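> Below are the sequence and a predicted model for it; my questions follow.
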Amino acid sequence: MQTVTLLADPARAGLDRQTVEALRADWGGGAVRWLAPGVAAEFALPAPPARREAVWQELQARGIDLVVQPAANRRRKILLADMDSTMIGQECIDELAAMAGVGARVAEITARAMNGELDFEAALAERVRLLAGLPESVIGRVLRERITIAPGGRELIATMKAHGGHTVLVSGGFTAFTESVAAELGFDEHHANVLLSQDGRLTGDVARPILGRDAKVARLREVAARLGLTPQEVIAVGDGANDLGMLKIAGTGVALHAKPAVAAQCDIRINHGDLTALLYIQGYSRDDFA
């Protein structure tokens with residue numbers, strides 16, 4: 001049995017009943033269950049549908065996301081989430097670089113690395129070198145003035161935890177930021193790279209080994225094993241090339257507003273919804289949100 005979920009941007013609530021019912025009828029689905037009026041609805045199918053990709057493309061043009069997945073055991077016990085451009089709206093290294101006067105150069109490298117055009121570890125080391133000499137105190141200023149929690153993030157973490165889930169923030173960014181974001185949102189644990197400093201200024205280097213794509217996969221496996229669970233019981237979310245490994249081995253891997261090269265390799269792609277989409281695709285309704 002399959003579950004079909006249709007999702008729209010909660011800020012616009014543009015999912016109409018006619019669209020949902022038309023698709024249900026075309027695919028021969030079961031009764032529609034509305035998870036949130038105008039935002040999310042689902043129905044069951046006995047088998048994977050035909051023309052799925054073509055329908056997905058048609059709905060994308062109308063601002064609607066479509067997810068088709070096995071119906072059984074959709075609710076996951078672990079959330080593994082990327083931070084930059086996923087749980088927050090910014091890339092922290094780009095924000096630091098802007099303060100250091102090298103914003104354009106670093107942002108260019110970041111974009112290419114996240115799209116899979118550059119080796120992540122080498123690209124991170126190159127960008128961090130450009131921050132050498134920046135006062136360490138700038139990190140606090142960036143956190144206060146430039147970092148925002150992504151829409152739906154608070155609801156996602158609170159609801160997963162309220163229903164017994166374990167939440168992990170895992171980032172190719174820096175612990176100076178994950179510590180703050182994890183505390184604000186209530187993550188159970190966080191993992192990232194350590195920016196090195198001396199005499200109150202960044203040295204232009206990070207501690208080794210660098211936490212990149214392989215390290216995210218290793219962290220997913222380690223957390224699952226520690227809790228007596230399997231990768232199949234994990235829902236992972238990210239947007240960059242360094243997230244692809246964990247997205248592919250998780251039971252549910254979600255490419256959220258992902259770079260094109262990343263989205264092309266993922267089965268579940270959320271381009272219009274926010275982080276609450278991760279709750280809806282697990283079968284939570286808005287009434288279930290914490």
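Received the coordinates, thanks. On a predicted model such as this, the values are computed, not experimentally measured, just so you know.
> Residue 174 touches residue 191, doesn't it?
No: in this structure residue 174 lies outside contact range of residue 191 using Cβ atoms under 8 Å: 11.0 Å. For the C-beta atoms, the positions are set from N, CA and C on the backbone; glycine is no exception.
> Look at those two and report which has more neighbours.
residue 174 (22 against 19; other Cβ atoms under 10 Å).
> wait, is residue 65 part of a helix?
No: with DSSP: H, G, I helix; E, B strand; the rest coil as the criterion, residue 65 is strand rather than part of a helix.
> so it bridges to which residues?
residue 7 (DSSP bridges).
> Tell me, how many residues neighbour it?
Neighbours around residue 65, by other Cβ under 10 Å: 23.
> got a pLDDT number for it?
We have a pLDDT of 98 for residue 65.
> quick one: the strands in this structure?
2-8, 33-36, 40-45, 64-70, 78-81, 166-174, 189-193, 195-198, 201-206, 234-238, 252-256, 268-270 (DSSP state E).
> Now render the ones you listed as a markdown table, adding distance to residue 135.
Shown next, in a markdown table, are those (distance: least, Cβ to Cβ, whole Å):
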| stretch | distance to residue 135 |
| --- | --- |
| strand 2-8 | 43 |
| strand 33-36 | 45 |
| strand 40-45 | 45 |
| strand 64-70 | 42 |
| strand 78-81 | 29 |
| strand 166-174 | 15 |
| strand 189-193 | 19 |
| strand 195-198 | 9 |
| strand 201-206 | 6 |
| strand 234-238 | 30 |
| strand 252-256 | 33 |
| strand 268-270 | 37 |
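> Figure out which of those is closest to residue 51.
strand 64-70 (11.3 Å; Cβ to Cβ).
> Buried residues, that closest one. List them.
Judged by neighbour count using 16 or more other Cβ atoms under 10 Å, the buried positions of strand 64-70 are 64, 65, 66, 67, 68, 69.
> The fourth one contacts residue 5, correct?
If I follow you right, that is residue 67. Yes: with contacts counted by Cβ under 8 Å, residue 67 reaches residue 5, the gap being 4.5 Å.
> Determine the residues that are contacts of both of these two.
Common contact partners of residue 67 and residue 5 (Cβ atoms under 8 Å, 6 or more residues apart in numbering): residue 281.
> Am I right that residue 281 is in contact with residue 5?
Yes: with contact defined as Cβ under 8 Å, residue 281 counts as touching residue 5 (5.2 Å).
> which ones are touching the closest residue to residue 240 other than its chain neighbours?
In this structure, residue 240 finds its nearest non-sequential neighbour in residue 114, 3.6 Å apart by Cβ to Cβ, 6 or more residues apart in numbering. Under the criterion of Cβ under 8 Å, 6+ apart, the neighbours of residue 114 are 85, 91, 239, 240, 241, 242, 259, 262.
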